[in-house]
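[1] dropping a prediction and its sequence here:
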Amino acid sequence: MSHTLTAKEQSLAKIFSDDYVFTIPGYQRPYAWGREQAQELLDDLLGALAAAPAQLSEAAPYFLGSIVLIKGEATQEATVVDGQQRLTTLTLLLSAIRASVQDAAVQTGVTKRIYEHGDVVSATQARYRLSLRERDRDFFRQYVQHEDGLQTLVQLNTPLPDAQSRLRANAQVFMDGLAKLQQFELVRLVQFVITRCYLVTVATPDLDSAYRIFGVLNSRGLDLSATDILKAEIIGGIEPALRDDYTKKWEDEEEELGRDEFGDLFSHIRMVYRKAKPQGTLLKEFKEHVVPAQQPRNFVDEILLPMAQAFSELRDADYASQRHAEQVNEHLRWLNRLEFKDWVPPALTFFVRFRHQPEAVLSFFRDLERLGYSMLARKAGVNERIERFSALTRAIEAGSDLSVASSPLQLSPEEQHQTYVTLSGPLYETHSSRALALLLLRLDHLMSDGSASYQHEVVTVEHVMPQQPAPNSQWLTWVPDTAAHQHWVHRLGNLALLSRKKNSSASNRDFTWKKSSYFTKGGTSSFALTTQVLQHSDWTAEIMQERQATMLKTLETHWRLQDRKSKADLAEAMLAELGVVGNIAMFELENARHGLAAVAEENGDSFTVLANSQAKLEWTGQPHTYQQLREELCSTGALKLSEDGSHFVFTKDTNFKSPSAASATVLGRADNGRNTWRLKGTSITYAAWQDNLPGSQPVTGCSEV
């Protein structure tokens, strides 16, 4: 009778016997257990052994988890769908015990659990209990399964691929741990492992059933990453004749990038398609937004491979072109130094499309560095970054002109102003040490004409003039005014870079000592900013002011901040233009707390909220006639539920008799719209705008005055 599924508790004596010949299929992930997991396994086994009675047959069974197999009842052949990490590590442990124990009979007994020798007379090949993926199979046989291989493995000094490197590292963990045991303890350990350690084997004869079991077990917490599940599902969905080829493509990219960064790539790809802050797991959102189940080959060929190649070049700053390559790579090196990686999805999107257009690539990454470092300086939060870079991804996909002022790639005049004001301020006080060091390193590189190279393990920021000068010190002679000291102490003009950890006891020393013993090594400094300091004999407020101006000018030029305008400047300019813009004005309303944004048009006859504007889902204020108005708009279809169900969306341009009626509909409560709506792109309220209009110009807000 054939069963679709069997589950058994079996000792390792049964697992590593003629009953099973395990094979790791090519579409499985590489061996991934690290030193921590190997050490934990050994510690757990030794702990269980220490608690076992003298007669091991009386010891309680020790369970090592479960494995999922594709295996028929009448065959030894078992394809491992889940469990290769345990089986591989247990084989590695047995090999380490064999290499550590001196008794030849024990060595022979262990070998039988690892593989059977071939027989020349019978013309039979060696039969291995476990065969890894093809790319690691011969390595595993030579250095783990064959006798005397493990001693050679732990002594290998050559670079190895990720999976093989982990095998070597874990072999060393086991050899080091077993070296602490006496010979009788080694024998007792291997007896315990083989006779008292158990695995639950879940076997099914077909691939589809195995994948279903695999998915259920993973959802309950087995040690598998989202990319492993995606790989199993995507590669498993490709026709069998092509599966090995696509497995190789997948694993080549995973090995090239490294397992951790390969996982990062999938997060970036998810964001390219999601274009919003993640709301669910990578696995769930990847299935919903990236990979249609019926197109696994298209995903590998048209998304994964191009994105992986682009990611590798961006990460390594390794763009190759006959023109502008070094300039592009310079921008990439500084982008890669940013503490956030939200810029990567639009960079991937652009690079895949335009990498063969060097002028466009240079322009894009020059402006992307500008945007990224402006966000760093302005301390933009994660939500703001995601929104901005997602808008940039959409603009790239739409083929928009990224050079125009309205592009999400460009800094608005107000953003330029905010960036400049921040850089002018007390950065040491307002920014993290990591962000500040990076801003200063970028500035230092610019002021060294690009000749500086930074390979320092430690880079710190130090004040030239101390934060708390000692009484009667020379510092107080140069800057006697307390207000002047407080103004300059934390600004760029008073900061220098060190290639060492800060020494608090040195901060108050005199200027001459600092220059000769603290800011330099051997009389010189590798930083242009610090070399500037060494050229001065005094350190006055005038010197700091001059230095600050030079530093700001350098950043202003590089990041093109010359068109900066404050909100007040923009408001004044807008008001100055009101006399020539006619009777139509655009207003916007944003509510960060509820994530709402609405745009409206005032034409004198009506206040019109434009289609796609958002409104709060529920009315939360006191009962009002505006509440009835909202309900009418819902009933007529002018307001409908958004796709994610979090808010209402205006389906068409909707006229209101006043700005307050419109804002109350958006916010779900009675509201004075004259103070809530603001001229688009400014901080000017509707009321301020109205007050500056000619008295003869009709506006709907007149009814509310």
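    That came through, no problem. Numbers count the residues shown, from 1 in each chain.
[2] after whichever strand or helix holds A662, which helix or strand is next?
    Using DSSP states H and E, A662 sits within helix 659-667. Toward the C-terminus, helix 659-667 is succeeded by helix 673-676 as the next helix or strand (DSSP H and E).
[3] mean confidence for that following helix?
    For helix 673-676, mean pLDDT rounds to 92.
[4] packing partners for it?
    helix 659-667, helix 686-691 (3 or more CB pairs under 8 Å, 6 or more residues apart in numbering; DSSP states H and E). Yep, even glycine has a C-beta here, placed from its N, CA and C like the rest.
[5] weakest of those by average pLDDT?
    helix 686-691 has the lowest average pLDDT among those, namely a mean of 84.
[6] show me what counts as buried in that one.
    686-690 (16 or more other CB atoms under 10 Å).
[7] now swap in stretch 104-122 and tell me
    Buried residues in stretch 104-122, counted by 16+ other CB under 10 Å: 106-107, 109-111, 113-115.
[8] and the helices in the stretch 451-600 of the chain?
    Counting by DSSP state H, counting those that start in this stretch, the stretch 451-600 of the chain has helices at residues 474-478, 482-488, 511-513, 528-534, 541-558, 567-577.
[9] tell me the most buried of those?
    Ranked by mean neighbour count under mean count of other CB atoms under 10 Å, those are led by helix 528-534, which reaches a mean of 20.
[10] show me the contact partners of that helix.
    440, 443-445, 447-448, 452, 464, 495-498, 515, 519-520, 524-525, 539, 547, 551 (CB atoms under 8 Å, 6 or more residues apart in numbering).
[11] among these, name the buried ones.
    Buried by 16+ other CB under 10 Å: 440, 443-445, 447, 464, 495-498, 515, 519-520, 525, 539, 547, 551, out of those.
[12] how many neighbours does E397 have?
    Number of residues near E397 (other CB atoms under 10 Å) recorded here: 15.
[13] please read the previous query as pertaining to I234.
    By the criterion of other CB under 10 Å, I234 has 22 neighbours.
[14] which residues touch it?
    For I234, the contact set (CB under 8 Å, 6+ apart) comprises 291, 296, 299-300.
[15] where does V200 land in three-state SS?
    strand (DSSP: H, G, I helix; E, B strand; the rest coil).
[16] cool, I238 as well?
    coil.
[17] my read: it touches R297, true?
    Yes - using CB atoms under 8 Å, I238 is in contact with R297, at 5.8 Å.
[18] could you tell me how far A484 is located from W478?
    Relative to W478, A484 is positioned 10 Å away (CB to CB, to the nearest Å).
[19] quick one: common contacting residues for those two?
    Taking CB under 8 Å, 6+ apart as the contact rule, A484 and W478 both touch A541.
[20] in the protein, which helix or strand is least confident?
    helix 207-219 (a mean of 56; mean pLDDT, DSSP states H and E).
[21] relative to F354, how far out is the nearest residue to E116 once chain neighbours are set aside?
    For E116, ignoring the flanking residues on the chain, the nearest one in space by CB to CB, 6 or more residues apart in numbering is R127 at 4.4 Å. Taking CB to CB as the measure, R127 falls 54 Å from F354.
[22] likewise V200?
    52 Å.
[23] now do A585
    38 Å.
[24] please say which of these two ends up with more neighbours.
    Between A585 and F354, counting by other CB under 10 Å, A585 is the more crowded of the two (22 against 15).
[25] isn't that one right next to G604, touching?
    No - assessed by CB under 8 Å, A585 is found out of contact with G604, at 9.5 Å.
[26] for Y273, give me its contacts.
    Residues counted as contacts of Y273 (CB under 8 Å, 6+ apart) are 289-290.
[27] just S606 next, same as before
    Residues in contact with S606 (CB under 8 Å, 6+ apart) are 655-657, 700.
[28] what does A598 give?
    Here A598 is in contact with 588-590, 609-610, 613-615, 650, 662, 666 (criterion: CB under 8 Å, 6+ apart).
[29] which strands and helices sit next to the helix or strand K112 falls within?
    In the assignment (DSSP H and E), K112 maps to helix 104-114. Using 3+ CB pairs under 8 Å, 6+ apart, the elements in contact with helix 104-114 are helix 84-100, helix 183-196.
[30] what is the mean pLDDT for the shortest one?
    For helix 183-196, the mean per-residue pLDDT is 95.
[31] do the same with stretch 267-284
    Averaged across stretch 267-284, pLDDT comes to 82.
[32] distance between the ends of that stretch?
    Length of stretch 267-284, first residue to last, CA to CA, to the nearest Å: 12 Å.
[33] tell me the buried residues in it?
    267-275, 282-283.
[34] from these, pick the one nearest G595.
    Taking CB to CB as the measure, G595 lies nearest K275 of those, at 15.0 Å.
[35] for the biggest helix by length in the chain, name the packing helices and strands.
    Of all segments of type helix in the chain, defined using DSSP state H, the longest is helix 358-378. Applying 3+ CB pairs under 8 Å, 6+ apart, we find helix 358-378 packed against helix 325-336, helix 344-354, helix 382-397, helix 413-424, helix 433-447.
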